[in-house]
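In: sequence first, predicted coordinates after that:
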Amino acid sequence: MTSLLQGVHHITLCPGGAQQDIDFFTQVLGQRLIKQTVLMDGSIPIYHFYYGNADADVGSIATCFPYSRKAGRAGSGQLSCTSYTVPNGAVTFWRDHFDRHHAEHSGVQERFGTKYLRARHPAGLLVEVIEERGDGRHAWTTKEITKDVGTRGFFGAVLSVRDAREQESFFVDALGFRKVGVDGPYHRFEVPGTGPGRVVDLHVEPERTPGSWGFGAGTAHHIAFNVESDAALVKQKALYEELGYTDASEIKDRFYFHSMYVRSPGGILVECTANVPGGFYQDEAPEDLGTKLHLPPWFEDQRAAIVSQLEPISVPEENRPRPGTTTAPKPVVAPRAAGDEATIPVSHSKVTFGADKQTT
Ligand SMILES: [Fe+2]
């Protein structure tokens, strides 16, 4: 079958402390903080950080809800590792780099004939750098991480499941992936097509205790795949329902894109997204991405209440682009014209962020 999917859009994780997360992603993983906003569900103010490559490309975006108010339980039924591509030969740099930052890592490993190295975020989350030739996306660079070793964007993700069968049916029949191989406990699936960021590895762990599903520090929350348009989101929702996955959500307005979620058979929450005009550049200039807190328009009147409940953070100065570090912004959908509203019904929550929700 054909797939409505184009590849990974973003991967969403729950670290613990906000500053700890910024420090790890920007200093240790060499990502660019490209957006500071907040969780758009519920009435508890939680940051939502977006980290990406030099061009903030779709398919390079890890998004984080620092959720220090509650610990999650890592286990099966979760995305267990976020995978980034690096150039051939770069894993030895990353081994030494993780050592310098005292980040726990796996040492150089291999699966499907490719070298990779897995490291642990301070909150317990796993990330890996995997060598892939021919990924032309632009790495963000730091004083320590140069463009010849930096991460280009996502290779994909590893998902832990106790049994592959139903999850395989979901990926193949509902999402249009094709199965491309098995290497030990890993079953590999790809979105048909070309370009990076199209791989999911199911890691079959029959004895692993199921992990938590809600927000909780130290766990991944979901993986999102991009589709071309709002119309494709509607088609994907109809396909889910036709196949019996009737718990697909309504289509939500996430301001930077539109989203629709479904809980997959192995337990992993799967989102599909459609980009909206302007994307990440709707509310800040390319050179300012990630430098201050942006709220969706429907939360702006509660800015003071929201900010008062968030951990103060500082963003490293080197997060600002330097000459030659980014190319021209590439919004995947043309900027929105005045009065140009969404073409399908989308929902968003409007709640009160009361002081009684203050976290400790
Ligand atoms: Fe998401």
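Out: Perfect, I can see it now.
In: run through who's touching the lengthiest helix in the chain.
Out: Using DSSP state H to define each element, the chain has its longest helix at helix 230-243. By C-beta atoms under 8 Å, 6 or more residues apart in numbering, the surrounding residues in contact with helix 230-243 are 4, 173-174, 227, 246, 248, 251, 258, 260, 262, 272-274, 342-344. All C-beta atoms are positioned from the backbone trio N, CA, C, and that covers glycine.
In: show me what from the stretch 101-250 of the chain comes close to the ion.
Out: Applying C-beta under 5 Å from the ion, we find that the stretch 101-250 of the chain lies next to the ion at A224.
In: look through the stretch 101-250 of the chain and state the residue closest to the ion.
Out: A224 (4.5 Å; C-beta to the ion).
In: state the phi and psi torsions of the residue in the stretch 1-150 of the chain that the ion sits nearest to.
Out: Nearest residue of the stretch 1-150 of the chain to the ion (C-beta to the ion) works out as T12 at 4.5 Å. Torsion angles at T12 (phi, psi; degrees, to the nearest 10) stand at phi -110, psi 130.
In: pretty sure it contacts T219?
Out: No - T12 is beyond contact range of T219, at 10.4 Å (criterion: C-beta atoms under 8 Å).
In: more crowded one of the two?
Out: T219 (25 against 21; other C-beta atoms under 10 Å).
In: ok, now which ones touch the closest residue to that one other than its chain neighbours?
Out: Nearest residue to T219, sequence neighbours excluded (C-beta to C-beta, 6 or more residues apart in numbering): G72, at 3.3 Å. Going by C-beta under 8 Å, 6+ apart, G72 touches C14, G211, S212, G214, F215, G216, A217, G218, T219.
In: quick check: beta-bridge partners of Q109?
Out: According to DSSP bridges, the residues that bridge with Q109 are Y116.
In: okay, now S314: neighbour count?
Out: 8.
In: for burial, what's the neighbour tally of E241?
Out: E241 has 13 nearby residues by other C-beta under 10 Å.
In: and the strands in the stretch 101-250 of the chain?
Out: 105-111, 114-120, 126-131, 153-161, 178-183, 186-190, 199-204, 219-227 (DSSP state E, counting those that start in this stretch).
In: packing partners for the second one?
Out: When you say that, I think you mean strand 114-120. helix 91-100, strand 105-111, strand 126-131 (3 or more C-beta pairs under 8 Å, 6 or more residues apart in numbering; DSSP states H and E).
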